[in-house]
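In: what follows is a predicted structure for the sequence shown.
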Amino acid sequence: MEDLQQQAARWDQWAPYYDEDTRNQDPSRAAAALADLAGDGAALELGIGTGRVAFPLAERGTPVFGLDASQKMISCLEARQEQTPGGRSLVQARIGNMARFDLGTHYPLVYVIASTLFFLTTQEDQVSCFRSVARHLSPQGRFVVEAAVPQTSGLASERQQMIVREIGEEHLQWSAFVHNPVHQIVRAQEVHVGPDGYRLLPNVMRYAYPAELDLMAQLAGLRLERRAADWEGSPFTATSTHHVSIYSRQSADKGASPLTGASA
Ligand SMILES: C[S@@+](CC[C@H](N)C(=O)[O-])C[C@H]1O[C@@H](n2cnc3c(N)ncnc32)[C@H](O)[C@@H]1O
């Protein structure tokens, strides 16, 4: 529970900057693929944030319900609801912990994207998330996990790294990382320095390789149906930096997966 409060406090700090920070990430491909997977049903997004992908998905006809730890991220989502015609019925969100939830509803689609699963900072909480998802999937339902493939090579030897993001005459933005390989934890600070002073935006993540996620899925009674490198369904290879993984019930008899057209 303490971890949830800490993550909520970190994301409260991010909330005023999140949309600006992610403005270059086009959500339309994710929304199109998720809409195909949801079919006529509704979707549940874990760590919905400001609704960056939820709104484009809802505009394609999929109502979205979301959970998030941060009241300030949800307040940004609510501001967007006000600006979107019918916004309140398209996207709804409430405070909740994606590690453990009981909504009393089944969904054809549950998804967690943008490496948000890694904000659960223990293996136990990540496994618990898969188990909570499994309880909320309809019989033919799918759980989509989109995440980075951990790239720790730069962090492996020194266990710390600095990356300059932007540099100008009057401002500097950089990221600092410290890596704990024993617990697979990366702590980060995004640092902005400019004429108005400085700001620090913290992050703590527990990364997991795709194979570990597959095992978590198995523990929850799910199986990997298909893994792609991106939302268009490009093949996942040894050099892929991201993955879009689709899990479903182990026993379910599935048809073609709309993300890839592949038969399970
Ligand atoms: C990287 S943002 C992603 C937001 C949104 N999914 C998107 O793609 O833009 C991660 C979100 O996860 C939320 N979060 C972190 N830990 C959480 C938890 N245990 N339960 C629910 N939400 C959590 C944060 O508050 C934040 O809004």
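Out: Happy to help now that I have it.
In: so Ile246 sits against Leu224, correct?
Out: Yes. Ile246 lies in contact with Leu224 (Cβ atoms under 8 Å); the separation is 7.5 Å. No exception for glycine: its C-beta is placed from N, CA and C like everyone else's.
In: out of the two, which sits in the more crowded spot?
Out: Neighbours per residue (other Cβ atoms under 10 Å) separate Ile246 from Leu224, with Ile246 holding more: 26 against 17.
In: give the contact list for that one.
Out: The contact partners of Ile246, taken as Cβ atoms under 8 Å, 6 or more residues apart in numbering, are 37, 142-144, 224-227, 257, 259.
In: output those residues as TSV; include the columns pLDDT, distance to Leu46 and secondary structure.
Out: Below are the contacts of Ile246 laid out as TSV (pLDDT from 0 to 100; distance: Cβ to Cβ, whole Å; DSSP: H, G, I helix; E, B strand; the rest coil):
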residue	pLDDT	distance to Leu46	secondary structure
Leu37	97	15	helix
Arg142	98	14	strand
Phe143	98	9	strand
Val144	98	10	strand
Leu224	98	18	strand
Glu225	97	18	strand
Arg226	97	20	strand
Arg227	98	19	strand
Ser257	52	20	coil
Leu259	60	18	coil
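In: reformat the residues you listed as JSON lines; add distance to Cys76.
Out: Formatted as JSON lines, the contacts of Ile246 follow (distance: Cβ to Cβ, whole Å):
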{"residue": "Leu37", "distance to Cys76": "26"}
{"residue": "Arg142", "distance to Cys76": "28"}
{"residue": "Phe143", "distance to Cys76": "25"}
{"residue": "Val144", "distance to Cys76": "23"}
{"residue": "Leu224", "distance to Cys76": "33"}
{"residue": "Glu225", "distance to Cys76": "33"}
{"residue": "Arg226", "distance to Cys76": "32"}
{"residue": "Arg227", "distance to Cys76": "31"}
{"residue": "Ser257", "distance to Cys76": "32"}
{"residue": "Leu259", "distance to Cys76": "28"}
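In: and the stretch 51-200 of the chain, which of its residues are near the ligand?
Out: The stretch 51-200 of the chain comes close to the ligand at residues 52-53, 67-70, 73, 97-99, 113-114, 116, 119-120, as judged by Cβ under 6 Å from any ligand atom.
In: which ones among these map onto helices?
Out: Met73 (DSSP state H).
In: farthest pair in the residues of the stretch 51-200 of the chain next to the ligand?
Out: Maximum pairwise distance among these (Cβ to Cβ): 21.5 Å, between Arg52 and Ala99.
In: quick check: what element follows the helix or strand of the chain with the lowest mean pLDDT along the chain?
Out: The weakest-scoring helix or strand in the chain, judged by mean pLDDT, DSSP states H and E, is helix 153-156 (a mean of 72). Sequence-wise, the next helix or strand downstream of helix 153-156 (DSSP states H and E) is strand 160-167.
In: and for whichever helix or strand Cys129 is part of, what's in contact with it?
Out: Per DSSP H and E: Cys129 is located in helix 123-136. Residues outside helix 123-136 that contact it (Cβ under 8 Å, 6+ apart): 3, 44, 46, 98-103, 105-107, 110, 112, 117, 120, 143, 184, 206, 208, 212-213, 216-217, 219-222, 247, 249.
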